[in-house]
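K.L.:
give me a model of this one.
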Amino acid sequence: MARAALDDTDRMNIRVKPEVKARLLRAAALRNTDLTSFVTQSALREAETVIAEAEAIRASERDFTRILDLLDNPPKPNDRLRAAAAALPKDQ
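P.N.:
Next up is the predicted model:
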């Protein structure tokens, strides 16, 4: 289960080994940007990838066809479904 991120400040501090910082600085210089922009943009690209993967629903072609068929031709409600619907709170 995903944990909620704490947003308690506009600043973010990270500790990295000197050789890691040197590589990040080199990469930032090669992109003609500062370290903060380089790290932020790289992290944002990765964040978008992670979020997209987490929110995407993947199904095989067979399963996708079955889902579409069930949407077009839903099964009749059984006793358990009727009981679950009856247990829902009534609108006021």
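
K.L.:
show me what the helix ranked longest in the chain is packed against.
P.N.:
The longest helix of the chain (DSSP state H) is helix 35-55. Contact partners of helix 35-55 among helices and strands, from 3 or more Cβ pairs under 8 Å, 6 or more residues apart in numbering; DSSP states H and E: helix 18-30. Quick note: C-beta positions are derived from backbone N, CA and C, even for glycine.

K.L.:
let's see the helix it packs on as CSV, backbone CA atoms only.
P.N.:
The C-alpha coordinates for helix 18-30 follow below in CSV (Å, rounded to 0.1, in the frame of the first residue of the first chain):
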residue,chain,number,x,y,z
PRO,A,18,30.6,13.2,-3.2
GLU,A,19,31.0,11.0,-6.3
VAL,A,20,27.3,10.9,-6.8
LYS,A,21,27.1,14.7,-6.5
ALA,A,22,29.9,15.1,-8.9
ARG,A,23,28.1,13.0,-11.5
LEU,A,24,24.9,14.9,-11.0
LEU,A,25,26.8,18.2,-11.4
ARG,A,26,28.4,16.9,-14.6
ALA,A,27,25.1,15.8,-16.0
ALA,A,28,23.5,19.1,-15.1
ALA,A,29,26.4,21.0,-16.8
LEU,A,30,26.0,18.9,-19.9
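
K.L.:
all further residue positions should be reported with the first residue as 48.
P.N.:
In the new count, where the first residue is 48, that last one comes out as helix 65-77.

K.L.:
quick one: the residue nearest in space to the middle of the chain and Leu91, what's the gap?
P.N.:
Per Cα atoms, centre = their mean, the C-alpha nearest to the average position across the chain is that of Ile98, at 2.2 Å. The gap separating Ile98 from Leu91 is 10 Å, by Cβ to Cβ, to the nearest Å.
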